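In: for reference, the sequence and a predicted model appear below.
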Amino acid sequence: MLGGAEQGTKVVLLTGSMGAAARRQALLDLVTGEAGIVIGTHALIEDKVQFHDLGLVVVDEQHRFGVEQRDALRSKGKQPPHLLVMTATPIPRTVAMTVFGDLETSVLDQLPSGRSPIASHVVPAKDKPHFLARAWERVREEVAAGHQAYVVCPRIGDEEDEPRAAKEKSAEDEAEKRPPLAVVDVTEQLVKGPLRDLRVEVLHGRMQPEAKDEVMRRFAAGEVDVLVATTVIEVGVNVPNATAMVIMDADRFGVSQLHQLRGRVGRGSAAGLCLLVTDMPEGSPARARLGAVAATLDGFELSRIDLEQRREGDVLGQAQSGVRSSLRVLAVIDDEEVIAAAREEAAAIVAADPELAGYPQLRTALDALLDKERAEFLDKG
């Protein structure tokens, strides 16, 4: 599908916000094979998108795609294409599938060139209000040193639902009853209070695309000191001069989100600082989770923490996390050695006898476990 070195390879972009003419041309390039590489958003999953001969699917920020979405991409090939998924924090299901041997992993455990370490700290705002006051002082210190900062909030400020992470933990005994902090409210408080003489701007997903682009342009150009935003900055934002991040109501976010968010700082020569603000009491599961996030920058270690707290989900079904698990006598975290040994034994048996003709009882047990729907879903995963 790729052209020779002398003719090059055509690269095409496909997103949901493209104009009609550009979109038609991109779709034509895909279906005719004129495009050797296509880069796109979830728009690539739409039914009308067809490929001439899809051979490789690379999914970045894997935690933002569900099992069905990844399978929808793979199904667009004449033959099942190769699949490469990339993430800084593997979701619990993926960790479980990795242990079971359905995914091979390559680990990049070094910071990219030019990156600096990120110091993370939990700020118990309710227990120790002066800690939050100090957090705003640190933001001012970074700005005074010529740097910039992010302030992240869970919601925009209207009546939209709480973020996914808040719903996941709504059953926790210590969960707060108040709504999560909002961008518009926090911005008003900051510009009238601790950051009143700084250049503060707002960014969220309900702004018009042109307005969002203009805010990000000004922030990247150094014309904005502090950007108060929702998780729209979680990926795809690269401002090396931004060195500090304050995440409000950090307990409302998942482990993967927190790790992705703090990756927006420390992208230049200056060290990064991430402050996780919470009202949750000491000793609560939420505080323990935040403490674990603050203690490591290792995405795989964070995925283990996430897995311990959320479980692996149903590895044979759609539940990607939670108490519903198809495992009855094993725990992915505690029994890795047993699972690894079983995987080797299973691989040897299947290699020698793919139909399990010599193992009728095993064949019967598998048929009972893997109904058609579960077997198909396992292939999708």
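Out: Right, received. Where do you want to start?
In: now the terminal residues of stretch 196-211, how far apart.
Out: One end of stretch 196-211 sits 23 Å from the other (C-alpha to C-alpha, to the nearest Å).
In: from what I can see residue 138 touches residue 245, true?
Out: No. The pair residue 138 / residue 245 is not scored as a contact, 10.6 Å apart, by C-beta atoms under 8 Å. Bear in mind the C-beta positions are built from the backbone N, C-alpha and C, glycine included.
In: any residues in contact with both of the two?
Out: Taking C-beta atoms under 8 Å, 6 or more residues apart in numbering as the criterion, residue 138 and residue 245 both touch 273, 275.
In: of those two, who's got more company?
Out: residue 245 (27 against 16; other C-beta atoms under 10 Å).
In: for the helix or strand the more buried one falls within, the averaged confidence score.
Out: Element membership for residue 245, per DSSP states H and E: strand 242-247. Averaged across strand 242-247, the pLDDT comes to 97.
In: got the contact list for it?
Out: Contacts of strand 242-247 (C-beta under 8 Å, 6+ apart): 123, 135-136, 138-139, 142, 147-152, 219, 227, 253, 258, 261-262, 264-268, 270-277.
In: then stretch 123-138?
Out: 190, 194-195, 244, 246, 273, 275-282, 287.
In: which one of the residues you listed is nearest residue 238?
Out: residue 244 (15.8 Å; C-beta to C-beta).
In: leaving out sequence neighbours, find the closest residue to that closest one.
Out: residue 149 (4.0 Å; C-beta to C-beta, 6 or more residues apart in numbering).
In: could you look up the SS state of the one you found?
Out: strand (DSSP: H, G, I helix; E, B strand; the rest coil).
In: list the residues that contact it.
Out: 139, 142-143, 225-227, 242-246.
In: and it, bridged to which residues?
Out: According to DSSP bridges, the partner residues bridging residue 149 are residue 226, residue 244.
In: pLDDT at it, what is it?
Out: In this model, residue 149 carries a pLDDT of 98.
In: dump the residue contacts of residue 58.
Out: Taking C-beta under 8 Å, 6+ apart as the definition, contacts of residue 58 comprise 84-86.
In: now the buried members of the residues you listed.
Out: residue 85 (16 or more other C-beta atoms under 10 Å).
In: could you dump the contacts of residue 58 into a markdown table with distance to residue 306 added?
Out: Shown next, in a markdown table, are these (distance: C-beta to C-beta, whole Å):
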| residue | distance to residue 306 |
| --- | --- |
| 84 | 22 |
| 85 | 16 |
| 86 | 17 |
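In: CSV for the contacts of residue 58, including secondary structure, pLDDT and distance to residue 300?
Out: As requested, these are exported to CSV (DSSP: H, G, I helix; E, B strand; the rest coil; pLDDT from 0 to 100; distance: C-beta to C-beta, whole Å):
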residue, secondary structure, pLDDT, distance to residue 300
84, strand, 85, 17
85, strand, 82, 14
86, coil, 82, 13
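In: closest to residue 60 among the contacts of residue 58?
Out: residue 86 (5.1 Å).
In: from memory that closest one sits against residue 61, does it?
Out: Yes. Residue 86 is within contact range of residue 61, at 7.5 Å (criterion: C-beta under 8 Å).
In: spit out the residues that contact the two alike.
Out: With C-beta under 8 Å, 6+ apart, residue 86 and residue 61 have no common neighbours.
In: least confident secondary structure element in the protein?
Out: One helix or strand of the chain scores below all others by mean pLDDT, DSSP states H and E: helix 164-168, with a mean of 43.
In: quick one, the helix or strand just after that one and strand 242-247 angle?
Out: Using DSSP H and E, the helix or strand that directly follows helix 164-168 along the chain is helix 183-192. Here helix 183-192 runs at an angle of 120 degrees relative to strand 242-247 (axes from the mean of the first three to the mean of the last three C-alpha atoms, to 10 degrees).
In: if you count neighbours, what's buried in helix 183-192?
Out: In helix 183-192, counting by 16+ other C-beta under 10 Å, buried: 183, 185-187, 190-191.
In: leaving aside the residues next to it on the chain, what's closest to residue 266?
Out: In space, residue 266 is closest to residue 272, 2.6 Å off (C-beta to C-beta, 6+ apart).
In: residue 240 is in contact with that neighbour, correct?
Out: No. Residue 272 is not in contact with residue 240 according to C-beta under 8 Å; the separation is 10.2 Å.
In: just to revisit the earlier point, run the chain-centre distance for the strand holding residue 245.
Out: Mean-position distance between strand 242-247 and its chain equals 18 Å (C-alpha atoms, centre = their mean, to the nearest Å).
In: residues contacting the following helix or strand past that strand, please?
Out: The first helix or strand that comes after strand 242-247 along the chain, using DSSP H and E, is helix 255-262. By C-beta under 8 Å, 6+ apart, the surrounding residues in contact with helix 255-262 are 61, 63, 87-89, 91, 118, 120, 152, 165, 231, 233-235, 245, 247, 250, 253, 272, 274, 276, 289-290, 292-293, 297, 299, 302-303, 305-306, 309.
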